[in-house]
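1. this is a predicted model, with the sequence first.
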Amino acid sequence: MTLTFPEIIGKSLKQYAANNAASFVGGEAFSYQEVDNNIKALTELLSAEGIEKGDKVAILCANNPQWGIAYFAITFMGAIVVPLLPDFTVSEVENIMNHSEAKAIFISENQINKVEKLQNDFVTSIIKIDDFSFIKENKKKNLSGFSIPDIDEQDIAAIIYTSGTTGKSKGVMLTHKNILSNAISGRNLQPIEEDDRFLSILPLSHTLENTLGLILPYMCGASIHYLQKPPTAAVLLPAMKLVRPTIMLTVPMIIEKVYRNKVKPEFDKSGVIRTLYKVPFVRKKLHQVAGKKLMQTFGGALKFYGVGGAKLDGTVERFLNEAKFPYAIGYGLTETSPLLAGATPGKTSVGSTGPAIQSVEVRIENANPKTGEGEIVARGPNIMKGYYKDPEATANVLSEDGWFRTGDLGYIDNSNYLHIRGRIKNVIVKSTGENIYPEEIESVINNFKHVVESLVLEKKGKLVAMVHFNKTELEDKYLHLKEEVSDYVDHVIEELAKELQTWANERLNKFSQVQVVLYQPIPFEKTATQKIKRFLYY
């Protein structure tokens, strides 16, 4: 079996021709046969526009059924997809289009302003993704007709630009084999059936959603349902009721918000429940009752709720585990297509990302002899070819024998389950030699009342916590004060900051004690997987 998109996805399109492939929630679906027809028409259109094997074609739009059709059409003809995040700025789009030398772009109407004044010598075709009509056509048409090129599994299928938490974007080159081998490993981890329903809420331009939320369901004949608006509670709740998804892929922030806004207040609402909640046996029973309600909120049919992209808060994970909620944990990076390790519902272990997936080797390099912690390195068919036009950066992370340096600190326990401590570059080394992991301190802080998110960093030798409190929630609470409410809430936040410092330090070891708490009035800027762009705040 050759791992190329025409081979693997082409086979699925024929095998599942009558099945529904993709639709908006509540909308009319494209069948697999219709997707196949559209791909064939689109490859001919692109060929007529002069797109050949190895050319780059960008996609810039929010999730929709046509996104996948464009993606497959590009890869079927041996061209290279350059997915762009819908929230990229005009300058980010321009930089990536120039760096990748993309010749064409599929774009939605509400994103057109980002390419209208594009300073670019490469783009010859701009195609509206909603109906595949032209906004700009190539003046030099290819009239010789389309012939299917030979595609090798080591050919590059996509260049994915990471917005990252460190600043400069890099173009990650993923081959047909990289992506498809990872999707197959995902299927071996969690079997997908034809009647499975995926509810897509992460951007398709992100590798997690792309490999496991687009390519994997297409390989198995399942259906994908897309939201027409961002996944707020007001949009998600009716969508889950209508679709009754069996599979969802998310980032931690979504379930953490649900826990803090809906679940935890139920355990805090009376002194009796708060007291009983401290008894482990009672807590587990309360969690199981809450878990059944949560299942109904998600539509009642969920069998796999995948969490990846960042570390899940320990308190939230303990709740999901004890509630018997069908959550799964995955770990990986864009450079690894993305999955390296994972644990499916019923096999998760709180605090761990699970064991290495099939066909991937994971080991710890330069491990501390006392703790067993060191850098996580990995090798397998899913490891990227390298960074586009950046051999130096590639050499820094890829060894000659194929080991990829993740930049993450972790250890492997006796059950071969991987545990992540944090990014190596984020670790704060105290003058006394202790390693402080900011992510672990943030996990404690984020469980304090009215905290939305936090960022811990070192300033002038002190541990400083920047904390974003939910001001709207507090203003609603003190609404009876009318015109004085805003001033009073500012005073409440000052008091909360003091209370938080004491509360958090009681739960942290002496080396991780927070010396300063600063109020962050607006939400932190984030990446596609909702990780804070830490470099902006150093």
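-> Arrived safely, thanks for sending.

2. what's the local residue count around Pro391?
-> Neighbour count for Pro391, taken as other C-beta atoms under 10 Å: 10. Every residue, glycine included, has its C-beta placed from N, CA and C.

3. quick one: it and Tyr537, what's the gap?
-> 31 Å (C-beta to C-beta, to the nearest Å).

4. do Ile329 as well
-> When Ile329 is compared with Tyr537 (using C-beta to C-beta), they lie 27 Å apart.

5. more neighbours: which of these two?
-> Neighbour tally, Ile329 and Tyr537, criterion other C-beta under 10 Å: the higher count belongs to Ile329, 27 against 13.

6. hang on, that one packs against Gly346?
-> No: the pair Ile329 / Gly346 is not scored as a contact, 11.9 Å apart, by C-beta atoms under 8 Å.

7. overlap of the contact sets of those two?
-> Shared contacts of Ile329 and Gly346, defined by C-beta atoms under 8 Å, 6 or more residues apart in numbering, are absent.

8. identify the bridge partners of the closest residue to Ala393 other than its chain neighbours.
-> Take Ala393 and drop its neighbours on the chain: the residue closest to it by C-beta to C-beta, 6 or more residues apart in numbering is Tyr387, 4.7 Å away. Taking DSSP bridges as the rule, Tyr387 bridges to Val172.

9. got the end-to-end distance for stretch 335-354?
-> 19 Å (C-alpha to C-alpha, to the nearest Å).

10. for that stretch, which positions count as buried?
-> 335-345, 348-349, 351-354 (16 or more other C-beta atoms under 10 Å).

11. contacting residues around the residue nearest to Ala393?
-> Tyr387 neighbours (C-beta under 8 Å, 6+ apart): 170-173, 393-394.

12. which parts of the stretch 1-150 of the chain are strands?
-> Ranges of strands within the stretch 1-150 of the chain are 20-24, 30-31, 56-60, 80-84, 104-107, 125-128, 133-136, based on DSSP state E, counting those that start in this stretch.

13. redo those strands as JSON lines? Include distance to Leu312 and mean pLDDT.
-> Converted to JSON lines, the strands of the stretch 1-150 of the chain look like this (distance: least, C-beta to C-beta, whole Å; pLDDT from 0 to 100):
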{"stretch": "strand 20-24", "distance to Leu312": "28", "mean pLDDT": "98"}
{"stretch": "strand 30-31", "distance to Leu312": "33", "mean pLDDT": "98"}
{"stretch": "strand 56-60", "distance to Leu312": "29", "mean pLDDT": "98"}
{"stretch": "strand 80-84", "distance to Leu312": "25", "mean pLDDT": "97"}
{"stretch": "strand 104-107", "distance to Leu312": "34", "mean pLDDT": "97"}
{"stretch": "strand 125-128", "distance to Leu312": "38", "mean pLDDT": "96"}
{"stretch": "strand 133-136", "distance to Leu312": "41", "mean pLDDT": "92"}
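
14. a markdown table for those strands, including mean neighbour count?
-> Shown next, in a markdown table, are the strands of the stretch 1-150 of the chain (neighbours: other C-beta atoms under 10 Å):
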| stretch | mean neighbour count |
| --- | --- |
| strand 20-24 | 21 |
| strand 30-31 | 20 |
| strand 56-60 | 26 |
| strand 80-84 | 25 |
| strand 104-107 | 27 |
| strand 125-128 | 20 |
| strand 133-136 | 12 |
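
15. Gly291: which of those strands is closest?
-> Nearest to Gly291, of all those, is strand 20-24, at 29.6 Å by C-beta to C-beta.

16. give me the pLDDT for Asn38.
-> Asn38 is assigned 98 on the pLDDT scale.

17. now do the residue lying closest to it once chain neighbours are set aside against Thr75, distance only.
-> Leaving aside its chain neighbours, Asn38 sits nearest to Ile69 (4.8 Å; criterion: C-beta to C-beta, 6+ apart). Ile69 sits 11 Å away from Thr75, going by C-beta to C-beta.

18. ok, Glu495 next?
-> For Glu495, the distance to Thr75 - C-beta to C-beta - is 56 Å.

19. then Glu94?
-> Counting by C-beta to C-beta, the gap from Glu94 to Thr75 is 24 Å.

20. who's more crowded, those two?
-> Remark: of Glu94 and Thr75, Thr75 carries more neighbours, 27 against 17, as counted by other C-beta under 10 Å.

21. got a list of what the more buried one touches?
-> Counting by C-beta under 8 Å, 6+ apart, Thr75 has contacts 5-6, 81, 157-158, 176.

22. returning to what we had before: model confidence score at the residue nearest to Ala393, please.
-> 96.

23. now swap in Ala528 and tell me
-> In this model, Ala528 carries a pLDDT of 75.

24. what sits against Val35?
-> 13, 21-22, 68-69, 72.

25. done for today, thanks.
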